[in-house]
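> sequence-free structure coming up:
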């Protein structure tokens, strides 16, 4: 396939999670999480497990993809920020570096203005880390050993075992 | 685009069920959901119209087990089959790792099958993915209908790259897991070769 895979190492995850945790505190938010544009969760801070993070990530990615489609129809490159206002909880969605989606869930203890300000600041840091991750994933893919040397010997038996 | 997460020790792959309207894509996913244990599946999300036609996508995350110390997680998506939802189909193919094409066996739907495969190729190309390279399985669904076209005839029209083919009656579950297993296998074997 032409598109490079994304490989997230432990150290990357720690760096991303540290920024998300700081954002959660600075923005007085309930949850912050970062997903890639295909709906895979990269890192999170706060009590995300009570929210079904897999579904949240897939629906957010779908939401952003549909909004990207709308932007293109209007001749825009993207609508980088989306905001959904609920009765109690609100969702702030921001595209980072065109590659990932930063989601902040907050309630009345914070405000849209504060969240926007904090998101803007940390998006630059997150963007730089994401660029590193993507560049390394690409470099690994073009190296002679390939990006997934540890999976080079997957056998039919391994796959059969998944279904038993 | 496979996502390998070393922090969580997970391999995450995206599989898309493609095909013409009412061919049984959602029925496949629904059967997988019904027959998979609670611990191995997430919520089945269907963004559908009031008449239960897929509007944007169905989504089902499943976890199959461990390979080389990594949990294997598959995100199963369906696309809306109706012709005028092409913009949505294109979005859902983004980052796809494997495709199941669900064909409708009925003679009256043969043109729709052919058009849908043509549309799949075009949409993959727009994402920079060559149809010839993408892990791909063909499922011939609705084999129980009296108007079903004989298998050799369907294969001649729809089997384009020597892909695995499965006959199915998705409403009864026949061929559903065989198809899933085949696409999982082609996706993981594809990972193997990179």
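On my side now, so go ahead. What you see is a predicted model; the values in this text were computed from it and never measured. Numbering: from 1, shown residues only, chains lettered A, B, ... in the order given.

> what sits against the residue most central in space within chain A?
Against the mean C-alpha coordinate of chain A, by C-alpha atoms, centre = their mean, the closest residue is residue A:35 at 1.6 Å. By C-beta atoms under 8 Å, 6 or more residues apart in numbering or on different chains, residue A:35 lies in contact with A:41, A:42, A:57, A:60, A:61, A:100, A:101, A:103. (C-beta placed from N, C-alpha, C; glycine too.)

> kindly recompute the last result at 6 Å.
Residue A:35 is in contact with A:41, A:57, A:101, counting by C-beta atoms under 6 Å, 6 or more residues apart in numbering or on different chains.

> tell me where the longest strand sits in chain B.
strand B:54-67 (DSSP state E).

> buried ones in that one?
B:54, B:55, B:56, B:57, B:58, B:59, B:60, B:61, B:62, B:63, B:64, B:67 (16 or more other C-beta atoms under 10 Å in any protein chain shown).

> for chain A, what spans make up the helices?
A:10-26, A:53-73, A:112-142, A:156-162 (DSSP state H).

> now the ones you listed in CSV, with distance to residue B:31 and mean neighbour count?
What follows is these, written out as CSV (distance: least, C-beta to C-beta, whole Å; neighbours: other C-beta atoms under 10 Å in any protein chain shown):
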stretch, distance to residue B:31, mean neighbour count
helix A:10-26, 35, 18
helix A:53-73, 20, 18
helix A:112-142, 35, 16
helix A:156-162, 18, 14
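
> out of the buried residues of strand B:54-67, what pair is the most spread apart?
Of all pairs drawn from those, the greatest distance, 34.7 Å, lies between B:55 and B:67 (C-beta to C-beta).

> hmm, back to that, any chance of the helices of chain A in TSV, with distance to chain B and mean pLDDT too?
Listed next are the helices of chain A as TSV, based on distance: least, C-beta to the nearest C-beta, whole Å; pLDDT from 0 to 100:
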stretch	distance to chain B	mean pLDDT
helix A:10-26	3	97
helix A:53-73	4	93
helix A:112-142	7	91
helix A:156-162	4	87
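
> with respect to residue B:83, which of these lies nearest?
helix A:53-73 (16.9 Å).

> worst-scoring helix or strand of chain B, pLDDT-wise?
strand B:3-5 (a mean of 90; mean pLDDT, DSSP states H and E).

> direction included, what does it pair up with?
Partners of strand B:3-5 in the sheet, by DSSP bridges, are strand A:6-8 (parallel), strand B:10-18 (antiparallel).

> interface residues of chain B facing chain A?
Taking C-beta under 6 Å from any C-beta of the partner chain as the measure of proximity, chain B contacts chain A at B:1-7, B:12, B:42-43, B:45, B:59, B:61, B:64-65, B:67-68, B:87, B:91, B:95, B:128-129, B:133, B:181, B:185, B:188, B:191-192, B:194.

> phi and psi next, for residue A:74.
The phi/psi pair for residue A:74 (degrees, to the nearest 10) reads phi -90, psi 0.

> roughly how far apart are it and residue A:152?
Using C-beta to C-beta, to the nearest Å, residue A:74 is found at 46 Å from residue A:152.

> now swap in residue B:22 and tell me
In terms of C-beta to C-beta, residue B:22 sits 41 Å off from residue A:152.

> likewise residue B:112?
Distance from residue B:112 to residue A:152, by C-beta to C-beta: 40 Å.

> same deal with residue B:193?
Distance from residue B:193 to residue A:152, by C-beta to C-beta: 8 Å.

> any idea which helix or strand comes after the longest strand of chain B?
Next along the chain after strand B:54-67, taking DSSP states H and E as the criterion, comes strand B:70-78.
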